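Undergrad: make a model of this:
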Amino acid sequence: MTSVEETTDNTADSGPGGYAAARLRLLQEESRSGPSRRSALAGLTDDWLNALFTTAVRETGVRGATLVAVGGYGRAELSPRSDLDLVLLHDGKAEPRALSALADRLWYPVWDLGLALDHSVRTPGEARKTAAEDLKVQLGLLDARTVAGDAGLLAGLRTSVLADWRNQAAKRLPQLHALCRERAERAGELRFLLEPDLKEARGGLRDVTALRAVAASWLADAPRDGLAEARRRLLDARDALHLVTGRATDRLSLQEQDQVAAQLGLLDADALLREVYEAARIVAYAGDVTWREVGRVLRARAARPRLRGLLGARAAAAAARAPLAEGVVESDGEAVLALAARPDRDPVLPLRFAAAAAQAGLPVSLHAVRRLAAQAKPLPVPWPAEAREQLVTLLGAGEPTVAVWEALEAEGLITRLLPDWERVRCRPQRNPVHTWTVDRHLIETAVRASALTRRVGRPDLLLMAALLHDIGKGWPGDHSVAGETIARDVAARVGFDAQDAAVLGALVRHHLLLIDTATRRDLDDPATVRSVAEAVGSVGTLEILHALTEADALATGPAAWNAWRGSLVADLVARVAAVLRGTAPAVREAEIPTTEQERLAVEALRTREPVLALHVRQEEDAVGGELVVAVPDQPGVLPAVAGVLALHRLTVRAADLRSMELPDRLGEVLVLRWRVAAEYGALPEAARLRSDLVRALDGSLDVPAKLADREAAYPRRRGVVPPPPRVTVVPEVSSLATVLEVRAPDAVGLLHRIGRVLESRGVRVRSAHVSTLGANAVDTLYVTNSDGKPLDPAEAAALAGSVQAALA
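TA: Numbering: from 1, shown residues only. This next block holds a predicted model:
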């Protein structure tokens, strides 16, 4: 077959070459884009198929037939690589052989051009029967239009199908809703995906089609404000994607986003994603409102006659409204404004309305939110105490906060209350560890923080810090630094005093301090704990920061928080609290050798060989466990152990290396604790790991060669090229060692390669702290020279360069 783009025939006749050339010219016209191009492409295709149909009818002698476009083509919305969805409708009088010949003369020219085709041949009765049995067929016929032939055949069918759709709405709409939910489960939510499917994901083009179908039922209608524009943006992005890739794809892959952005005249891939996310947000919100209205109408149809019969009309109406707060009532399962509410005289009403709805776990009425957006009186600055309290109440309501917040945001109320919200709204996060966009992550953090409010003395500051901790994203430079200034301004705006505003600023400035320090620094170094204490300043702020750290990590994604990280942060907090109170820091439990660690260390010193213990447990996504290795202090321990783990296909989730000196015994023992997970299948036996470790240390097992052989035999598929590794010397965090921080794509043998470089430079590893976050690794190593002292600055810089070169 010859693809359309490969055709160079410039004739404009009805043959394949003429259509292909005209189609190619149209797609290459820079002045044509968006709805105009889609409509023109549909019109061009109509003319070509009409000519094919006319010729085919003349040659086959078939009468009483029509060619019908359905689906996207039926709506005259052809993207460059869209399928052609066609139905050959006939009255049933033609000979089967002649009808088959007619179909062949229509389908084969389409296939010859390399265009995708979805086709069927049916009588109106057969089409109606199939639609009654197949929901997707019925949806396609709702958008049917005549391309060529007897328009009367389709007119009768459309009337019948629409009547069936409206008569069966009570049955069909729940089925359609179930299809939408299943698709969302499968494809995810478009506005939170780094590589979204513009068609299938929730908030995508399929959902727009579903909303059109709901409107056609006359049972409910979607909020129309912004919906047509959102649909246009999604279609434009899909057109650009087709042109860039030359394929019929709907997935906006990372490697194509910059080109698609350029095709649309946008600044970069982030601008593209933000525009697509905003469109998807509008579609998803319209869907939420519409499906809730469908459910309400269907429930009312079933229940209201019985209720009225039992109570009478007036009593039923009174029973349907229950007060929630001043000016806010519940009606028919929604939070609505009371009849006496006056938004133009009550500036706190929007926040009181939202807080009452969230606390009651109710969705908010679209009409009520729009009325508030149109009529609400602006809040004075600083806000009155009630407004601030209602905002905190809203943030502390837990999971219901999300839907209420998004309803207010959809109507512009959030950015009116908090103007700085605009910069984070629908802002993508490129780090795959993050599940959400920046704005949704902030709300999810508040949801998580609401469960931790009993742990702090100032839950209001915790909830506000959760809402604002990433507010600096979207501004140049370090988002924590930028966010501190914004947080102080917002705090003053909403009515916090200067002292509370300073605490909020500090919480935002240092919201990553605890997790970064606990997972990347040596907590046994007094300078580490002292620096955190100086930054935090008070036990009360530390208490809030601890809860904020946990809430932030839990809202980030599954890779950002686990029991291991939680214990490290809790240990750091205990040490810092002791310093702030002026008492001796508590000794970390891990500093006191457990019975098992002491037993392993004694055995290692006795045998002068490595010994280990492996404890298996089921991780969230794999079989994992904790591995404790004790080895007499000697060169090459870190690369040897890391290499053996890599050979056995064990992913390192976290690691800790420390030296242990046992009383009354000569020599030191290195104790390495690893949290590992099996890349495939089960964990290896401990005996096999020990055997290979012995061989790796004595040199009889060439770990680098084995890893290289395996990489050559089973090369990993390369997708998007990750950023290059970066190795830095972290100044002034330890007085006992030089601190190296390695940030690199997580890869097999990464720690082994780092260890080999350190070994070759004659550097000792005092301690190591390994963190794996999704596809990225952050490893922090405390190293000394052979005399146990920190490296001089030149030597440290050279070492960092060597490690970075080895990883590159």
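
Undergrad: what about Leu791, how many neighbours?
TA: A count of nearby residues for Leu791, using other Cβ atoms under 10 Å, gives 20. To be clear about C-beta, it is placed using only N, CA and C from the backbone, and glycine gets the same treatment.

Undergrad: need the pLDDT of it.
TA: For Leu791, the pLDDT comes out at 93.

Undergrad: that one - that's part of a strand, no?
TA: No. Assessed by DSSP: H, G, I helix; E, B strand; the rest coil, Leu791 does not belong to a strand; its assignment is coil.

Undergrad: wait, it touches Val763, no?
TA: Yes. Using Cβ atoms under 8 Å, Leu791 is in contact with Val763, at 7.3 Å.

Undergrad: residues that sit against both of the two, list them.
TA: Residues touching both Leu791 and Val763 by Cβ atoms under 8 Å, 6 or more residues apart in numbering: 783-785, 799.

Undergrad: tell me where the model's unsure across the stretch 201-350 of the chain.
TA: By pLDDT under 70, the low-scoring segments of the stretch 201-350 of the chain are 304-320.

Undergrad: now the strands for it?
TA: For the stretch 201-350 of the chain, applying DSSP state E, counting those that start in this stretch gives strands covering 321-325, 328-331, 334-337.

Undergrad: could you identify the most distant pair in the shared contacts of Leu791 and Val763?
TA: Using Cβ to Cβ, the shared contacts of Leu791 and Val763 span at most 11.4 Å, a distance reached by Thr784 and Leu799.

Undergrad: look at those two and report which has more neighbours.
TA: Leu799 (21 against 17).

Undergrad: just give me the longest helix of this protein.
TA: Taking DSSP state H as the criterion, the chain has its longest helix at helix 269-311.

Undergrad: so where's the stretch 1-150 of the chain shaky on pLDDT?
TA: Scanning the stretch 1-150 of the chain with the threshold set as pLDDT under 70 gives 1-16.

Undergrad: quick one: the strands in it, in order.
TA: 65-69, 84-90, 117-122, 145-149.

Undergrad: closest one to Leu504 among these?
TA: Here strand 84-90 is closest among the strands of the stretch 1-150 of the chain (Cβ to Cβ), at 55.3 Å.

Undergrad: partner strands of the closest one, with direction?
TA: With DSSP bridges as the test, strand 84-90 is paired with strand 65-69 (antiparallel), strand 117-122 (parallel).

Undergrad: sorry, back to before: list residues touching both of Thr784 and Leu799?
TA: 738, 763, 791.

Undergrad: pick the one among those closest to Ala358.
TA: Among the shared contacts of Thr784 and Leu799, Thr738 lies closest to Ala358 (Cβ to Cβ), at 50.3 Å.

Undergrad: contacts only, for the closest one.
TA: 729, 782-784, 790-791, 796, 799.

Undergrad: for Glu668, see how far away it is.
TA: From Thr738 across to Glu668, the span is 20 Å (Cβ to Cβ, to the nearest Å).

Undergrad: is it true that Val381 lies in a strand?
TA: No. Applying three-state DSSP, one finds Val381 to be coil, outside a strand.

Undergrad: so it makes contact with Arg493?
TA: Yes. Using Cβ under 8 Å, Val381 is in contact with Arg493, at 5.6 Å.

Undergrad: quick one: which of the two has more around it?
TA: Neighbour totals were compared for Val381 and Arg493, and Arg493 leads with 18 against 9 (other Cβ under 10 Å).

Undergrad: quick one: secondary structure of the more buried one?
TA: Going by three-state DSSP: Arg493 is helix.

Undergrad: which parts of the stretch 451-600 of the chain are helices?
TA: Using DSSP state H, counting those that start in this stretch, the helices of the stretch 451-600 of the chain run over 459-468, 479-494, 498-509, 513-520, 526-536, 539-556, 563-581, 595-607.

Undergrad: kind regards, and thank you for your time.
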